[in-house]
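A.B. asks: pasting the sequence and the predicted coordinates here, then a few questions.
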Amino acid sequence: MRPPEQTSPPQPAPAAGREVRRLRDLSPTQWKSGIAAWLGWLFDGLDMHLYTLVAAPFVMQLVGADSTADALVKEKSSWIQAAFLIGWALGGGFFGRIGDLLGRSRALCLTILTYALFTGLQSVAQTWWQLLIFRFIAALGIGGEWAVGSCLLSETWPTRWRPWIAAVLQTGVNIGVLGACLTVNLMASCPPRYVFLVGVLPALLVFWIRRNVPEPEEWRDAKTRAARREPGVRELFRGEVLPVTLKVVAVCALSLTAWWAFMFWQAQHLRNLPELASWTVPQREKIVANAVFLVISVSIVGNFAAGALARWLGYRWSVAVMCAAFFSAMALTFAKPRTADALFWFWFPAVGFCSGVFGIFTMFLPPLFPTLLRTTGAGFCYNIGRIAAAFGTVFFGLFSQVGDFRHALLYAGVLFIPAAVIALLLPEPSARCPATAATALAD
């Protein structure tokens, strides 16, 4: 299906030299770009987390097991999640490259169509491997949307607002996850497969984006100056850009592995606590959905706390501080057995607050790369961490006994320590960092 052509001409940005200090000073183009990116991220969060909330009961049905605690359910659900994270990584690189070649707005439409269509198809999966394939392809679009949406905003909104833009953009994902929790809660009495039909809704957003969101002026100018001499992907691994690429990959891989281990296995850990053994399946699924709802609600506060830190300390120090706090929260949460009430009302929200660190990444990473390598670089580096997270989901699950995932989660939290150290070795986007100096590759 081909999206309708863009009909609205680009709106002029604020007059050159005039600093934008208030929301009313923003141009129509900036508003539309912001709304498109935020809504894209909202539906991104919705589609990515529908599976994590119903993984155990849905996979239990597909493999014909008698209990969500069955070892086969754990194995197959973790492999499906691993495939999703690998698809996320590949999608970040693939659609990131499309975003540099064809434009941010066009690429955003393609990513949304991809994850909406294949999330909906998950509702008709008849075997666990069919679900794995649909999750993998949906993840291609979800991974690509991260890079394209963040670059669209970083190239259209004022630079001085970036820490707050990052917090607002990440909040879109959080609200999408809350929407997934609400969906699962409202449909707790329905077969798990039906929740994926809600994931088709984002496709409707594509038509509005193509008609109303033009390509950023910065990207169009860079394309004009490049005159078909655009940098290739290999430029990420050459010269002064290479150290930045490697450090960003390391920070993303370490932190995302730990976070996704928490997001996937904490639901299984809570679901299989001994005190919940007498509960019915719908009752257990509701408390799991409510726990994720609470974690993500608190993470919205964490987004703005991380943004405030970035304004005060700079991006790299704020990432390091938040990663250190993340390690502490994970260690204290899973150092010893805790009751469902304690996990639900205090420890899980403490971990959720620290996840605000990922909001900083949205405005921190793209400016580290040249303009015509921006979505490629940010998409590749951030999403390559999904491959590590994919194997980490399975690897840390091996540390757990059936029904007890506390040790897996405890060990995963240690990864935030090296992530904090490497973050301090990255440059600040505001400085003339190696990657910024290399902008001549594209411009």
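C.D. replies: Ah, there it is.
A.B. asks: going forward, measure contacts between C-alpha atoms and count neighbours the same way
C.D. replies: OK.
A.B. asks: any regions of the chain where pLDDT drops low?
C.D. replies: Within the chain, the ranges that satisfy pLDDT under 70 run 1-23, 69, 227-228, 230, 385-386, 388-390, 392-404, 430-443.
A.B. asks: so Pro192 sits right up against Val54, yeah?
C.D. replies: Yes: using C-alpha atoms under 8 Å, Pro192 is in contact with Val54, at 6.1 Å.
A.B. asks: looking at those two, which one has more neighbours?
C.D. replies: Val54 (24 against 21; other C-alpha atoms under 10 Å).
A.B. asks: the spatially closest residue to Ala258 that is not a sequence neighbour sits in which helix or strand?
C.D. replies: Spatial nearest neighbour of Ala258, excluding adjacent residues (C-alpha to C-alpha, 6 or more residues apart in numbering): Ala412 at 4.9 Å. If you go by DSSP states H and E, Ala412 is part of helix 406-413.
A.B. asks: does anything pack onto that helix? Which helices or strands?
C.D. replies: Where contact means 3 or more C-alpha pairs under 8 Å, 6 or more residues apart in numbering; DSSP states H and E, helix 406-413 is packed against helix 241-271, helix 315-334, helix 374-397.
A.B. asks: number of nearby residues for the closest residue to Trp265 other than its chain neighbours?
C.D. replies: Among residues not flanking Trp265 along the chain, Phe405 sits closest, at 6.4 Å (C-alpha to C-alpha, 6+ apart). Using other C-alpha under 10 Å, Phe405 has 25 other residues around it.
A.B. asks: list the buried residues in stretch 207-225.
C.D. replies: Using 16 or more other C-alpha atoms under 10 Å as the test for burial, stretch 207-225 gives 209-216, 219, 222-223.
A.B. asks: export the residues you listed as CSV, with columns for distance to Lys286 and secondary structure.
C.D. replies: Shown next, in CSV, are those (distance: C-alpha to C-alpha, whole Å; DSSP: H, G, I helix; E, B strand; the rest coil):
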residue, distance to Lys286, secondary structure
Ile209, 35, helix
Arg210, 38, helix
Arg211, 40, helix
Asn212, 39, helix
Val213, 39, coil
Pro214, 42, coil
Glu215, 42, coil
Pro216, 43, coil
Trp219, 45, helix
Ala222, 50, helix
Lys223, 50, helix
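A.B. asks: let's have those in JSON lines, adding distance to Ala65.
C.D. replies: Shown next, in JSON lines, are these (distance: C-alpha to C-alpha, whole Å):
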{"residue": "Ile209", "distance to Ala65": "44"}
{"residue": "Arg210", "distance to Ala65": "45"}
{"residue": "Arg211", "distance to Ala65": "48"}
{"residue": "Asn212", "distance to Ala65": "49"}
{"residue": "Val213", "distance to Ala65": "48"}
{"residue": "Pro214", "distance to Ala65": "50"}
{"residue": "Glu215", "distance to Ala65": "50"}
{"residue": "Pro216", "distance to Ala65": "51"}
{"residue": "Trp219", "distance to Ala65": "52"}
{"residue": "Ala222", "distance to Ala65": "55"}
{"residue": "Lys223", "distance to Ala65": "55"}
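A.B. asks: just those residues now: which is nearest Leu42?
C.D. replies: Ile209 (14.5 Å; C-alpha to C-alpha).
A.B. asks: on the three-state scheme, the residue sitting furthest away from the middle of the chain is what?
C.D. replies: Distance from the C-alpha centroid of the chain peaks at Ser278, with 35.0 Å (C-alpha atoms, centre = their mean). Following DSSP: H, G, I helix; E, B strand; the rest coil, Ser278 is assigned to coil.
A.B. asks: picking up where we left off before, Leu205: which of the helices and strands packed on helix 406-413 is closest?
C.D. replies: So among the helices and strands packed on helix 406-413, helix 374-397 is nearest, using C-alpha to C-alpha, at 21.0 Å.
A.B. asks: next structured bit after the helix holding Ala412?
C.D. replies: helix 416-423.
A.B. asks: and that next one, how far out from the chain's middle?
C.D. replies: 19 Å (C-alpha atoms, centre = their mean, to the nearest Å).
A.B. asks: report the angle between that helix and helix 315-334.
C.D. replies: 180 degrees (axes from the mean of the first three to the mean of the last three C-alpha atoms, to 10 degrees).
A.B. asks: what helices or strands is helix 416-423 leaning on?
C.D. replies: helix 241-271, helix 315-334.
A.B. asks: on that earlier part again, buried sites along the helix holding Ala412?
C.D. replies: 406-413.
A.B. asks: and the longest helix along the chain, which residues are buried?
C.D. replies: Ranked by residue count and defined by DSSP state H, the top helix of the chain is helix 28-63. Neighbour-count burial for helix 28-63 flags 28-62 (criterion: 16+ other C-alpha under 10 Å).
A.B. asks: repeat for stretch 186-205
C.D. replies: For stretch 186-205, by 16+ other C-alpha under 10 Å, it's 188, 192-203, 205.
A.B. asks: and it, end to end?
C.D. replies: Start-to-end span of stretch 186-205 (C-alpha to C-alpha, to the nearest Å) is 24 Å.
A.B. asks: contact partners of that stretch?
C.D. replies: Residues outside stretch 186-205 that contact it (C-alpha atoms under 8 Å, 6 or more residues apart in numbering) are 40, 43, 46-47, 50-51, 54, 57-58, 112-113, 116-117, 119-124, 183-184, 282, 285-286.
A.B. asks: switch to 6 Å and redo it
C.D. replies: 43, 47, 58, 113, 116-117, 119-120, 123, 282 (C-alpha atoms under 6 Å, 6 or more residues apart in numbering).
A.B. asks: one step back: and the following helix or strand past the longest helix of the chain, how far out from the chain middle?
C.D. replies: Later in the chain than helix 28-63, the nearest helix or strand by DSSP H and E is helix 71-102. How far helix 71-102 lies from its chain's middle: 11 Å, per C-alpha atoms, centre = their mean.
A.B. asks: okay, buried residues for helix 71-102 please.
C.D. replies: Here helix 71-102 shows 72-74, 76-101 as buried, counting by 16+ other C-alpha under 10 Å.
A.B. asks: helix, strand, or coil at the most centrally placed residue in the chain?
C.D. replies: Nearest residue to the geometric centre of the chain (C-alpha atoms, centre = their mean): Trp146, 6.3 Å. Three-state assignment for Trp146 (three-state DSSP): helix.
A.B. asks: with Ser33 as the reference, measure out to it.
C.D. replies: Between Trp146 and Ser33 the computed distance is 14 Å (C-alpha to C-alpha).
A.B. asks: roughly how far does Ala147 sit from Leu102?
C.D. replies: 14 Å.
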